[in-house]
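Q: Take this sequence and fold it.
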Amino acid sequence: MVWNIVHGHGAHIYVSSAPGGTTSAIYLPAVRTNVEVVTMSLPKQDYFRHWQRILVVDDEDAQRGVISQMLGSLGCEVDTAASGEEAVQYLKNGRADLIVPDTIMPPGINGRETYRRIIGIHHGQKAIIASGFAESDEVKEALRMGPGQFIQKPYTLEKSGLAVEAELA
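A: The predicted structure is shown next:
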């Protein structure tokens, strides 16, 4: 994930290992103009005009925690699943207004297959595809199945809020 973020910003990462340990260096491109401070375009309370239940699906505890906490702070009820299989089982007996599956979830089924199985249970299920990588072929295939939004990690409050609002509007 670090490599993808670094390269996505036009930067380079170098890693060297020696018997005494490993050293990492990240070289960011120089900026010759003033950097604009990014602020949320809407107050947090304005992101959701209606209450929603969201199922976050990610094999990494930390990632599930981050996005769940963000969406919860925006007023959503958030449930989580640690795998695609767990998400499918959850939705066999329950419901979610929106699911947010990660694209890559080894060793089980990936986000696209998770979504394919879920729309077999709940046709028209709304979803946002998430990935630590750029919009890959896997993400594009998943988006062709129906999700209207893609979030590239790392998650931010504004990016996540706007994507949820757009998908559920």
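
Q: Report the central residue of the protein.
A: residue 130 (3.1 Å; Cα atoms, centre = their mean).

Q: State the distance from that residue to residue 21.
A: Counting by Cβ to Cβ, to the nearest Å, the separation of residue 130 from residue 21 is 33 Å. Every residue, glycine included, has its C-beta placed from N, CA and C.

Q: One more: residue 96?
A: Taken as Cβ to Cβ, the span from residue 96 to residue 21 is 44 Å.

Q: Tell me which of these two has more neighbours.
A: Set residue 96 next to residue 21 and count neighbours by other Cβ atoms under 10 Å: residue 96 wins out with 24 against 7.

Q: hang on, residue 12 packs against residue 26?
A: Yes - Residue 12 is within contact range of residue 26, at 7.4 Å (criterion: Cβ atoms under 8 Å).

Q: Give the residues shared as contacts by those two.
A: Counting by Cβ atoms under 8 Å, 6 or more residues apart in numbering, the shared contacts of residue 12 and residue 26 are residue 6.

Q: State the phi and psi torsions of the spatially closest residue to residue 122 that is not a sequence neighbour.
A: Spatial nearest neighbour of residue 122, chain neighbours left out: residue 91 (6.1 Å); criterion: Cβ to Cβ, 6 or more residues apart in numbering. Backbone torsions of residue 91, given as degrees, to the nearest 10, read phi -80, psi -10.

Q: what's the answer for residue 147, then?
A: Dihedral pair for residue 147: phi -60, psi 140, per degrees, to the nearest 10.

Q: And it, how close does it get to residue 99?
A: 9 Å.

Q: Can you work out which residues contact both of those two?
A: Residues touching both residue 147 and residue 99 (Cβ under 8 Å, 6+ apart): 115, 126-128.
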